[in-house]
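Novice: My questions are about this predicted structure, shown below with the sequence.
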Amino acid sequence: MSIVEESRESPDRVTLSAIAALAAVSLSTVSKVLNGRGDVAPATRTRVEELLSRNGYSRRGDAAASAPLLELVFHELESVWAIEIIRGVERVARANGLSIVLTESGDRHAPSVEWIDGVIARNPVGVILVFSDLSGEQKQKLATRGIPFVVVDPAGEPTPDVPSIGSANWSGGLAATRHLIDLGHTRIGMIGGPVDMLCSVARIGGYRAALEAAGIAYDSSLVLDGDFHPEGARVRAVELLDRPDRPTAIFAGSDLQAMGVYEAARALGLLIPADLSVVGYDDLPLARWVGPPLTTIRQPLTEMAEAAANLAVSMRHSPGGTVQRMDLATSLVTRHSTAPLA
């Protein structure tokens with residue numbers, strides 16, 4: 001069991017004994033909560049953690065006692081998209097003499113409830129969550145132990161107390177659609193991501209804004225949701241391309257979805273870009289090697305991950321600062337999958 005010291009940094013600081021009295025528990029129970037022990041009732045743990053946080057209590061030497069780790073949490077690790085995030089975090093970890101723990105847990109909105117006990121036991125320097133947010137109880141547990149967390153590309157609108165690093169998804173959707181409009185396309189399909197993900201909603205918002213700015217009526221039947229993966233996009237692309245008034249261009253919500261569009265076009269005997277222009281999103285390394293090389297929106301995934309990891313490290317060593325949020329710029333990368341409307 002770790003030794004927990006009562007802070008004497010300020011005469012106004014409430015001692016552990018006082019917190020135990022306020023919570024109507026023993027001093028040993030407070031110690032168990034601070035050290036992440038599992039043998040404390042959830043209601044008692046929450047009550048103690050709220051008192052600790054409210055009274056500004058921190059363990060002496062918390063930063064020094066942390067393990068030399070950065071924890072990176074995904075809800076799935078099956079796509080090349082994840083490699084770009086891992087690469088960015090690894091660069092920061094290496095520069096700071098740290099190692100990475102990769103965790104696959106929960107869904108795109110939050111890690112599983114069991115995850116929190118493991119991360120408390122590991123006591124990393126910081127946690128980087130991809131898409132996910134945390135429940136109020138999970139945030140409280142991390143805050144009590146001085147473990148900072150940062151969300152990369154949050155799935156929903158983060159609460160004001162959540163530091164996050166994202167990208168300019170609305171601007172990316174606008175740029176992709178404007179590019180197709182400038183090539184003369186007016187029937188432009190879009191295959192987005194899940195409807196409950198902030199990045200997908202923002203990209204569709206940019207798509208719609210570009211159409212409206214060009215005086216092109218928004219047609220909701222041309223906008224289909226997807227899952228950011230190739231197979232789902234292939235099915236959706238067939239729906240769009242097999243109709244008599246098919247679109248002449250498709251904006252896919254990710255490069256992986258664009259691969260599904262390529263396969264649907266091939267199966268239907270359509271040539272890219274002669275019969276169908278395609279724009280992706282992300283600019284993964286594979287985008288330049290497919291045939292034809294994919295025009296896409298570059299989302300700076302590696303830089304986003306680096307920024308999140310640097311922020312987590314700085315928060316561990318200098319806690320108590322303002323909550324930081326940052327959206328990195330996106331840009332159009334023109335290759336050979338788009339062409340003027342014939």
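Specialist: Thanks, I have it. Numbers count the residues shown, from 1 in each chain.

Novice: what's the weakest-modelled helix or strand in this protein?
Specialist: In the chain, no helix or strand scores lower on mean pLDDT, DSSP states H and E than helix 62-65, which sits at a mean of 46.

Novice: ok, the helix or strand following it: who's next to it in the sheet?
Specialist: On the C-terminal side of helix 62-65, the closest following helix or strand by DSSP states H and E is strand 69-74. In the sheet, strand 69-74 lines up against strand 99-104 (parallel), strand 126-130 (parallel) (DSSP bridges).

Novice: most neighbours per residue, which of those strands?
Specialist: Comparing the strands paired with strand 69-74 by mean neighbour count (mean count of other CB atoms under 10 Å), strand 126-130 comes out on top with a mean of 27. Yep, even glycine has a C-beta here, placed from its N, CA and C like the rest.

Novice: Quick one: mean pLDDT for it?
Specialist: If you average the pLDDT over strand 126-130, you get 93.

Novice: contacting residues around that strand?
Specialist: Strand 126-130 is contacted from outside by 70-75, 82, 85, 89, 111, 119, 142, 147-153, 305, 308-309, 312-313, 315-316, using CB atoms under 8 Å, 6 or more residues apart in numbering.

Novice: Ala265 reaches Leu271, doesn't it?
Specialist: Yes - judged on CB atoms under 8 Å, Ala265 makes contact with Leu271 at a distance of 7.5 Å.

Novice: list the contacts for Pro111?
Specialist: Val73, His75, Thr103, Ser105, Leu129, Ser132, Leu134, Gln138.

Novice: and of those, the nearest to Ile165?
Specialist: Leu129 (10.7 Å; CB to CB).

Novice: So what sits opposite that closest one in the bridge?
Specialist: Val73, Val151.

Novice: what's in contact with whichever strand or helix holds Val313?
Specialist: Here Val313, judged by DSSP H and E, is contained in helix 301-317. Contact partners of helix 301-317, identified using CB under 8 Å, 6+ apart, comprise 63, 66, 70, 81, 84-89, 91-93, 96, 98, 125-128, 146-153, 163-167, 282, 321, 324, 326, 328.

Novice: In three-state terms, label Ser221 for me.
Specialist: What DSSP: H, G, I helix; E, B strand; the rest coil gives for Ser221 is helix.

Novice: Kindly report the same for Val48.
Specialist: Val48 ends up helix, using three-state DSSP.

Novice: Please give the number of neighbouring residues around the residue lying closest to it once chain neighbours are set aside.
Specialist: Nearest residue to Val48, sequence neighbours excluded (CB to CB, 6 or more residues apart in numbering): Val33, at 4.5 Å. Neighbourhood size, Val33 [other CB atoms under 10 Å]: 25.

Novice: got the contact list for Val33?
Specialist: Applying CB under 8 Å, 6+ apart, the residues contacting Val33 are Val40, Thr44, Arg45, Val48, Glu49, Leu52, Thr144.

Novice: Show the model's pLDDT score for it.
Specialist: So Val33 comes in at 78 (pLDDT).

Novice: and it, that one's in a helix?
Specialist: Yes - under three-state DSSP, Val33 falls within a helix.
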